[in-house]
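Asker: sequence and computational prediction follow.
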Number of protein chains: 2
Amino acid sequence: MTAGSAAIVGTGLIGRSWALVFARAGWSVKLFDPSPEAADNAAKWIDAALADDVPDADRRSAVRRRIGISPTLADAVAGATHVQENTTEALELKRTVLADIDRLAAPETIIASSTSALLPSAFSESLPGRARVLVAHPVNPPHLVPLVEMLGAPWTSAEAIARATDTMTAIGQSPIRIHREIDGFVLNRLQAALVNEAMALVDAKVASPADIDKCLTDGLALRWAFIGPFETMDLNADGGFADYARKYRSLFEIMGRTLGSSRPWSEAAMSVVSDDRRQRLPLDAIAERQRWRDSQVRSLRKLKT
Amino acid sequence: MTAGSAAIVGTGLIGRSWALVFARAGWSVKLFDPSPEAADNAAKWIDAALADDVPDADRRSAVRRRIGISPTLADAVAGATHVQENTTEALELKRTVLADIDRLAAPETIIASSTSALLPSAFSESLPGRARVLVAHPVNPPHLVPLVEMLGAPWTSAEAIARATDTMTAIGQSPIRIHREIDGFVLNRLQAALVNEAMALVDAKVASPADIDKCLTDGLALRWAFIGPFETMDLNADGGFADYARKYRSLFEIMGRTLGSSRPWSEAAMSVVSDDRRQRLPLDAIAERQRWRDSQVRSLRKLKT
């Protein structure tokens, strides 16, 4: 796939990171935000982020030159191969913005929303070009974490999903296909299952928040960073997953009966977690710790390739 | 803490890996298995594993010299600071083996079981030395994955738990404290919550097993390898966890209502997963892929330190 041109509509946390993803893969990128200040801020953030993201100075300038700010939505989407929409998660706003994009973009342009909370059928039903509208939900921030969930409404064409998926692969992301509209899609449901159980364990005073975090950092995630839960089970029995399932299915069923994944978070558990976190990290140190996290993720991705 | 001496009782998959953990930390180690063949096999496995685990040849021979095979249980536990029991997960067998260890070991010796499935009160109640008996549940294999869950029965002394925890830290493991007897302890409950939801998503044809695995390898676990789920949430809102909880608690509650974490695995979903795994990796390639996984985990741990 040759590099195309992308329009980034809405240039907050997610939009600005998408701009970097497209531009470093050789795409030309136009930013548009109804607030001109927001687009300027995004451009400044990109300058700073590039220093960490692209070590080579010549390559860095080349990437930077591919990103421009458009004065209007019409200018941003003109000639775009792919539009990535990143506005606030409010249904009426999404409907309006996507209707504008659908009206202004050429018929062959793919229109993808970064939404994590809204289902594509909720905002695309009445659009004339609804067959080319879909969700491409990234993990924040996409320039560090490559997974993207690809999801259409019932009327989204298979061809649009295939083209958007190819685009994601071409720009270095890791697209997966969600076959049905479902709250939270897949990644956030997996996360919620584990997090809700973690909150229930804190609530029942089984373990401290910090000790539960270690179950991931010093346990489960050392494997999951390389092989997912299904491959983990597959490699943990001589006869592979079928053998594992025969041996352990009933244990998962027994645990399942008492898991707290469906329970709402209690006020008491939330206080325990919040107090524990603030004791370990003052609020004014969060930004520094975020930078540390990002540099670790970057090193891990280097290790993996 | 100065290096002590450890007795490893039961030298299968888990026991042999524990021997390596203690010996590379400078402890002298005695292996005992009712089957002399099993102890010999463990010693052979240790020779092979050391080549990957300890790059320096002189250090490797020193580690190897610290590990001996005992002809009897009495010989193994004589003078041991810490006994680590790793027999089959059958309650009557555990009761018998732990009664033998309790009878033969000096009163100040800590007796820890590697069990993942049995609660400490189930096998230690009638032992005269029950105050020094506890669970130290590792993740397989402990020489690669450091987390250890520390858990006593109601009659286990605080001092025994503290000493066993210090031992785990001293030999380079990452001990966490489980404050209550609960099926699956903590790590396996967190894993079950996520895995059961993953099986339910396969069952509902929402996503393929391979795409679900990518949600971890290319998404969630890139962070969880460095910061656990609580710290992840803490760093994802300007005001830390309290701010995150205010904003997103209701979304977790909405997802929670439809999560499949409590549902038993369906036959259909198990077939889909098994067929998908066998298409990606033939059974006779599992051992090679396990070696790859282990070398990746080793590199990740190096990156983290």
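Answerer: On my side now, so go ahead. Since the structure is predicted, the reported quantities are computational estimates derived from the model, not experimental observations.
Asker: I'd guess residue A:148 is in a strand, am I close?
Answerer: Yes. Counting by DSSP: H, G, I helix; E, B strand; the rest coil, residue A:148 falls inside a strand.
Asker: contact partners for it?
Answerer: Neighbouring residues of residue A:148 by Cβ atoms under 8 Å, 6 or more residues apart in numbering or on different chains: A:136, A:137, A:138, A:139, A:142, A:168, A:173, A:174, A:175, A:176. In this view, the C-beta of every residue, glycine as well, is placed from N, C-alpha and C.
Asker: and it, bridged to which residues?
Answerer: For residue A:148, the beta-bridge partners are residue A:138, residue A:175 (DSSP bridges).
Asker: distance check, it against residue B:16.
Answerer: The spacing between residue A:148 and residue B:16, counted by Cβ to Cβ, to the nearest Å, is 42 Å.
Asker: so what's the residue count around residue A:280?
Answerer: Neighbour count for residue A:280, taken as other Cβ atoms under 10 Å in any protein chain shown: 15.
Asker: chain neighbours aside, what residue packs nearest to it?
Answerer: Counting by Cβ to Cβ, 6 or more residues apart in numbering or on different chains, the nearest residue to residue A:280 once its immediate chain neighbours are dropped is residue A:210, at 6.8 Å.
Asker: quick one: contacts for the one you found?
Answerer: A:276, A:280, B:230 are the contacts of residue A:210 under Cβ under 8 Å, 6+ apart.
Asker: how does it look with 10 Å?
Answerer: A:273, A:276, A:277, A:279, A:280, B:176, B:228, B:230, B:231 (Cβ atoms under 10 Å, 6 or more residues apart in numbering or on different chains).
Asker: find the nearest non-adjacent residue to the residue of the stretch 1-150 of chain A found nearest chain B, please.
Answerer: Going by Cβ to the nearest Cβ, chain B is nearest to residue A:147 of the stretch 1-150 of chain A, at 3.6 Å. In space, residue A:147 comes closest to residue B:219 once its chain neighbours are excluded; the distance is 3.6 Å by Cβ to Cβ, 6+ apart.
Asker: the one you found and residue A:138 touch, don't they?
Answerer: Yes. Shown here, residue B:219 and residue A:138 form a contact pair, counting by Cβ atoms under 10 Å, at 9.5 Å.
Asker: which neighbours do those two have in common?
Answerer: Common contacts of residue B:219 and residue A:138 (Cβ under 10 Å, 6+ apart): A:145, A:146, A:147, A:148, A:149, A:187.
Asker: in chain A, which residue is closest to the centre?
Answerer: residue A:139 (1.7 Å; Cα atoms, centre = their mean).
Asker: so what's the nearest residue to that residue once chain neighbours are set aside up against?
Answerer: In this structure, residue A:139 finds its nearest non-sequential neighbour in residue A:145, 4.1 Å apart by Cβ to Cβ, 6+ apart. Taking Cβ under 10 Å, 6+ apart, we find residue A:145 in contact with A:17, A:138-139, A:173-174, A:187, A:294, A:297, A:301, B:218-220, B:222-223.
Asker: drop anything exposed from those.
Answerer: Among the contacts of residue A:145, those buried by neighbour count (16 or more other Cβ atoms under 10 Å in any protein chain shown) are A:17, A:138-139, A:173-174, A:187, A:294, A:297, B:218-220, B:222-223.
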